[in-house]
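Undergrad: test case, fold it:
(2 chains)
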Amino acid sequence: DAKTTQPTSMDCAEGRAANLPCNHSTISGNEYVYWYRQIHSQGPQYIIHGLKNNETNEMASLIITEDRKSSTLILPHATLRDTAVYYCIVRVAMNYGGSQGNLIFGKGTKLSVKP
Amino acid sequence: SQTIHQWPATLVQPVGSPLSLECTVEGTSNPNLYWYRQAAGRGLQLLFYSVGIGQISSEVPQNLSASRPQDRQFILSSKKLLLSDSGFYLCAWTLGGNSPLHFGNGTRLTVT
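TA: From the prediction side, this is the model:
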């Protein structure tokens, strides 16, 4: 079972920031938070990940609460192409690969960006 | 930069026919490679993973098999397809540690 809880769906106006929340109250100290998104009929696309510090890259920002029990993915200026299902996943780092590469995808949040 | 190629994008095969899906990674060496299956509206099921040439581990017993003949090539095969093999097959790679998994665009297989 997924170890995260996300809202089923969200709407966002084009050009506005999209803030996608995720609860992971049972996260362990060695587990990272990863965000992916999946557009229909395509493979999941990696967005960003973090352990406890906030992270930013060219796609998004990740804000992790101090107790690490929740996080928020921020798309600063949403476009129509950001319409997708967004998945929040917690996972330990893989020291040697193998089955730790398994990703438990929950149902995710369907983000609809509207003009 | 690293890229992952997966083909074909779609495939329709009759029951009992063989299967061969190929995945290649460019721009990196000695990646960990994975085959997943995603059923409609559900999560990703890990099928096989490989940490090196010729090293294959199976997560789910089934009539599928995998091979890694070269460092950056991963192949998913079946001798005789079943209706239940229909699904969206994804190849992925990572360098391990806390590096993320990167997925190909998948193959949608329909067994008729």
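
Undergrad: and the host helix or strand of B:T24, what does it pack onto?
TA: Per DSSP states H and E: B:T24 is located in strand B:19-26. Counting contacts by 3 or more Cβ pairs under 8 Å, 6 or more residues apart in numbering or on different chains; DSSP states H and E, strand B:19-26 packs against strand B:3-7, strand B:10-13, strand B:32-38, strand B:73-78, strand B:87-94, strand B:107-111. Glycine gets a C-beta too; all of them are placed from N, C-alpha and C.

Undergrad: in CSV, list the ones you listed along with mean neighbour count.
TA: Formatted as CSV, the entries for the helices and strands packed on strand B:19-26 read as follows, by neighbours: other Cβ atoms under 10 Å in any protein chain shown:
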stretch, mean neighbour count
strand B:3-7, 17
strand B:10-13, 14
strand B:32-38, 25
strand B:73-78, 20
strand B:87-94, 24
strand B:107-111, 18
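
Undergrad: coming back round to it: within the sheet, what are the partner strands of the strand holding B:T24, with directions?
TA: Using DSSP bridges, the strands paired with strand B:19-26 are strand B:3-7 (antiparallel), strand B:73-78 (antiparallel).

Undergrad: what about it, average pLDDT?
TA: Strand B:19-26 carries an average pLDDT of 96.

Undergrad: what's in contact with that strand?
TA: B:2-8, B:11, B:13, B:31, B:33, B:35, B:64, B:72-78, B:81, B:85, B:89, B:91, B:93, B:104, B:107, B:109 (Cβ atoms under 8 Å, 6 or more residues apart in numbering or on different chains).

Undergrad: one step back: any idea which of the strands paired with strand B:19-26 gets closest to B:P100?
TA: strand B:3-7 (12.5 Å; Cβ to Cβ).

Undergrad: run the chain-centre distance for the closest one.
TA: 10 Å (Cα atoms, centre = their mean, to the nearest Å).

Undergrad: what's the answer for stretch B:103-112, then?
TA: Stretch B:103-112 sits 9 Å away from the centroid of its parent chain (Cα atoms, centre = their mean).
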